[in-house]
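Q: Would you be able to build a 3D model of this:
(3 chains)
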Amino acid sequence: MRSLAPILTVLAAIVALWYAGTVRLNAQWTYDQAARAGVEVTFRELLADTMAQERPVLPAPHQVAQGLWDGVFGQKPSSKRSLVYHGQVTLSATLVGFVIGTLAGILLAVGIVHNRAMDLSVMPWAIASQTIPILAIAPMVIVVLASIGVTGLLPKAVISAYLSFFPVVVGMVKGLRSPDAMQLDLLRTYSASPAATFWKLRLPASMPYLFASLKVSVAASLVGAIVGELPAGASAGLGARLLSGSYYGQTIQIWAALFAAAILAAGLVTVIGVIERGTLRRMGMDR
Amino acid sequence: MSWLWGAVIFWLAAWAFNVWLANRPVARSRAVQLFIPALFGVTLLILWEGIVRGLDVPGVILPAPSAIWATIRASLPVLAGDFVQTILKGALSGYLIGCGAAVLTAIAIDRSPFLQRGLLPIGNFVAALPIVGIAPILVMWFGFDWQSKAAVVVVMVFFPVLVNTVAGLAASERMQRDLMATWGASYWQTLVKLRLPAAMPFIFNGLKIATTLALIGAIVAEFFGSPTRGMGFRISTAVGQLSLDMVWAEIAVAALAGSAFYGVVALIEKGVTFWHPSQRGRT
Amino acid sequence: MKDTAGIATPVIEAKGMGLTFETNDGPVHALKDVNLTVGKGEFVSFIGPSGCGKTTFLRAIAALEHPTEGTLTVNGMTPDAARQARAYGYVFQAAGLYPWRTIAGNIRLPLEIMGFSRDEQEERVERVLALVDLDGFGRKFPWQLSGGMQQRASIARALAFDADILLMDEPFGALDEIVRDRLNEEVLKLWARTEKTIGFVTHSIPEAVYLSTRIVVMSPRPGRITDVIESPLPKDRPLDIRDSPEFIAIAHRVREGLRAGHGDEV
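A: All right, here's what the predicted structure looks like:
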């Protein structure tokens, strides 16, 4: 709580800068309008106008908040203009992909830890793949799957799964290997079976690592779903909302969709954080 | 069908060989540790080729590696032009500006614990957001050319590097700072001689994360508008024309560029932080 | 308070010194009413259980903490002024060498900060390396050396800028007994050769008795001095002096002092 005041201060500074930016960036349009109408604008009029344009270069914070509010509460949730509708489209793809990617990642990590050949063959690729801009494949996956008749949620979930897969593999391998030699030797003196070693030592020890990578991968998964909605054709989802906003110059719509995505991401990471804290506390591993 | 069976049998044989090799004592040598994943990668390519040829998969769904290779060789000038536009102009310039700004900002707020306590949680928060989403806005502001891509990259790499640098600047031990104090060192002397070197492993951690982000930002931003060159532009138009061999060619270039970019940063890291325990083991 | 009168030049002088930390659980009296005068060329050990303020006292001398009551002077100046005049070298429990600098580079560090010329830096580095028996190791990195050698390098670093006071805070606490004996011998030789004033914090009774001309016994809550013991041992001390009756007698007295200060807490 000690950091509440500083955070609020920084946030206030950001909002202030944003308002200043709004006036600065939108002034040109106001001046042009006034020149066309042949009138002078006072500073007061300038301020009022820059913050109330319909397609501003930079919408004022309250316009974005208004857009967000309208999008969430001003429409029926089933309406095409509702951010709830678009958000839930994106969210469902994110979650399906996240679950698939996480499960596959954990399985592969278990395989890597228990099989030397898999470790040596696959692990370098898993690490190398993190340096590759996988996201660039997204549009292709969508189009290819569409050409064989798979559309809707699944193609986006595939991208999400793919993006959330690698962080989980790398984190989980590190976690399953985190018990030190002494702890493993101790279990060996009990003649514990590999299965018992896994369930009683490796898996519990890997939990902090798993949650750390889950936070990364759920965020990646959301980015994947949003980018998966970018190729033309997608009509629903926050990504589609961003794209249509950018086609029609609806800046407020873009910013509102952007904030909706940010809130969604923050929410997902927070949920994982809460589960993490609960789990680690029950395991007696919280700091 | 013989293609398919041949590929599958080759794959199984290579896998068996890998298993055998991995359980030999020679598996500890560096050459073998490079050879095993390389063989694994090659067998995947051959299996891919075999499946595509054996099952007659149409090129609009999955082109064979040989077809992709042919496309790469045939369109080298195009690929090179896209590489310059997206990687060198968009990603690299944005990366340098963004990382530089982040390190300077971290040093600027270093003397104010108040600002740090305020900025860090926000930085951490922003680093987890889908920042690529600001691409359409920045494309509107900075135009279609590489400047808007660089701007997206700047925003994307800024926060991870900032957060890591601030953490790094706090990483020097209290004892070592006390030692500096007993010698009457000034703030800047302590910063340059102790805290910045001690922060390097953290800073490079951020810089490595940022390499991938930079490429993603530069490519995805092109989906929102670009001149008629660039990797993102090529991918989205080639997808539209269903010429997937071209898409895969661009992906291969992106993968290569991404690994090389990361590799260069990792090499510099190795030179700068040779003293860190994580770097000492492997020489 | 027992204090030897007639010390030629007082180097460290504490009069009624106290130091209180403000914590969330209220004030903590780390030091209370400390009176001590250390003369030039003395080897003074501070011994006592943890929390007795021995480290705090050493840190106060080095201006890393500031007394809240009484006065503390170093060479007749405030500790801060003495620091600016490069009055002391400080050796911590861990060597604290910078892993990215060679041994020579580490020893050069304070010289760079204090603005010595390049030639003089080189010359001094060579000289102190020889002093701690590390000639030829200047180009190694700290992590290529054993713990004992690292600690010797950190002593060389403290000697490099010719401070006349050497403050050592449990410098050998993390080392094993055998290495510790060797380094104790070397510190004595170093002290004889350089004639520096040394303040030495330790947990170990034999170490304190073996090294010191005076032993300051301290006790906690509040941190204070309970006894100051003059050592009658000669300046030249082979390791086996520790079996002599004089040595055992002083060690006994130190132990008694520690027990008295401790009350019945142990």
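
Q: can we go C-alpha only for contacts and neighbour counts from here?
A: OK.

Q: So is stretch B:242-250 next to chain A?
A: Yes - counting by C-alpha under 8 Å from any C-alpha of the partner chain, chain A is contacted by stretch B:242-250 at B:244, B:247.

Q: neighbouring contacts of that stretch?
A: A:140, B:59-63, B:67-69, B:71-72, B:79, B:231, B:234-235, B:238-239 (C-alpha atoms under 8 Å, 6 or more residues apart in numbering or on different chains).

Q: How about the secondary structure of residue C:31?
A: What DSSP: H, G, I helix; E, B strand; the rest coil gives for residue C:31 is strand.

Q: Please tell me how far the residue lying closest to it once chain neighbours are set aside sits from residue C:90.
A: In space, residue C:31 comes closest to residue C:223 once its chain neighbours are excluded; the distance is 4.3 Å by C-alpha to C-alpha, 6 or more residues apart in numbering or on different chains. Distance, residue C:223 to residue C:90, by C-alpha to C-alpha, to the nearest Å: 22 Å.

Q: higher neighbour count, those two?
A: Higher neighbour count among residue C:223 and residue C:90: residue C:223, with 27 against 24, using other C-alpha atoms under 10 Å in any protein chain shown.

Q: ok so, going back, would you mind giving me the PyMOL syntax to select the buried ones in the contacts of stretch B:242-250?
A: Buried residues within the contacts of stretch B:242-250, by 16 or more other C-alpha atoms under 10 Å in any protein chain shown, are selected in PyMOL with:
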select buried, (chain A and resi 140) or (chain B and resi 60+61+62+63+67+68+71+72+79+231+234+235+238+239)
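
Q: Which of the contacts of stretch B:242-250 fall within strands?
A: Judged by DSSP state E, the subset of these located in strands is empty.

Q: Counting only helices, which of the contacts of stretch B:242-250 make the cut?
A: A:140, B:67-69, B:71-72, B:79, B:231, B:234-235, B:238-239 (DSSP state H).

Q: now the residues you listed in TSV, with distance to residue B:122?
A: Output for the ones in helices among the contacts of stretch B:242-250, formatted as TSV (distance: C-alpha to C-alpha, whole Å):
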residue	distance to residue B:122
A:140	34
B:67	47
B:68	44
B:69	45
B:71	45
B:72	43
B:79	39
B:231	32
B:234	36
B:235	34
B:238	39
B:239	37
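
Q: Can you tell me which of those lies closest to chain C?
A: residue B:231 (40.6 Å; C-alpha to the nearest C-alpha).

Q: Excluding sequence neighbours, find me the nearest residue to the closest one.
A: Residue B:231 sits nearest to residue B:82 (C-alpha to C-alpha, 6+ apart), 5.1 Å away.

Q: ok, now residue A:243?
A: Closest to residue A:243 by C-alpha to C-alpha, 6+ apart is residue A:230, at 6.3 Å.

Q: Would you verify that the one you found is located in a strand?
A: No - using three-state DSSP, the assignment for residue A:230 is coil, not a strand.

Q: Name all residues that make contact with it.
A: By C-alpha under 8 Å, 6+ apart, the contact set of residue A:230 is A:139, A:239-240, A:243, B:223.

Q: Including pLDDT and neighbour count, could those residues go into TSV?
A: Putting the contacts of residue A:230 into TSV (pLDDT from 0 to 100; neighbours: other C-alpha atoms under 10 Å in any protein chain shown) gives the following:
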residue	pLDDT	neighbour count
A:139	73	26
A:239	84	28
A:240	84	23
A:243	80	27
B:223	80	24
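
Q: Next, residue C:90: phi, psi?
A: Here is the backbone geometry of residue C:90 (degrees, to the nearest 10): phi -120, psi 130.

Q: give me the beta-bridge partners of it?
A: Counting by DSSP bridges, residue C:90 is bridged to residue C:167.

Q: any idea how far it lies from residue B:94?
A: 46 Å.

Q: can you check residue B:244 too?
A: 29 Å.

Q: So the two - more neighbours on which side?
A: residue B:94 (30 against 23).

Q: residue contacts, that one?
A: By C-alpha under 8 Å, 6+ apart, the contact set of residue B:94 is B:149-154, B:214.

Q: for the most far-flung residue of chain A relative to its centre, phi and psi?
A: Within chain A, residue A:38 marks the point farthest from the mean C-alpha position, 47.6 Å out by C-alpha atoms, centre = their mean. The phi and psi values for residue A:38, taken as degrees, to the nearest 10, are phi 70, psi 30.

Q: give the contact list for it.
A: So residue A:38 contacts nothing (C-alpha under 8 Å, 6+ apart).

Q: what's the burial count for residue A:102?
A: Counted with other C-alpha under 10 Å, residues neighbouring residue A:102 total 26.

Q: ditto for residue B:224
A: Number of residues near residue B:224 (other C-alpha under 10 Å) recorded here: 24.

Q: Check whether it sits in a helix, strand or coil.
A: At residue B:224 the chain is in coil, as set by three-state DSSP.

Q: cool, and the one 3 residues further on?
A: Assigned with three-state DSSP, residue B:227 falls in the coil class.

Q: Please report how far it lies from residue A:227.
A: To residue A:227, residue B:227 is 20 Å away according to C-alpha to C-alpha.

Q: Neighbour count: the two, which is higher?
A: Taking other C-alpha under 10 Å, residue B:227 and residue A:227 do not tie; residue A:227 has more neighbours (28 against 12).

Q: thought the more buried one was touching residue A:238?
A: No - contact criterion C-alpha atoms under 8 Å: residue A:227 and residue A:238 do not qualify, at 9.3 Å.

Q: Considering the contacts of residue B:94, which is situated nearest to chain A?
A: Among the contacts of residue B:94, and counting by C-alpha to the nearest C-alpha, the member closest to chain A is residue B:214, at 8.7 Å.

Q: who's in contact with the closest one?
A: Residue B:214 makes contact with B:91-92, B:94-95, B:153-154, B:156-157, according to C-alpha under 8 Å, 6+ apart.

Q: try residue A:6
A: Residue A:6 neighbours (C-alpha under 8 Å, 6+ apart): B:114-115, B:117-119.

Q: One more pass at 10 Å, please.
A: A:12, B:113-121 (C-alpha atoms under 10 Å, 6 or more residues apart in numbering or on different chains).

Q: where in the stretch 151-283 of chain B is pLDDT low?
A: B:280-283 (pLDDT under 70).

Q: for chain A, which helix is longest?
A: The longest helix of chain A (DSSP H) is helix A:4-37.

Q: For that one, buried residues please.
A: Within helix A:4-37, the residues that count as buried by 16+ other C-alpha under 10 Å are A:6-7, A:9-10, A:18-19, A:21-23, A:25-27, A:29-31.
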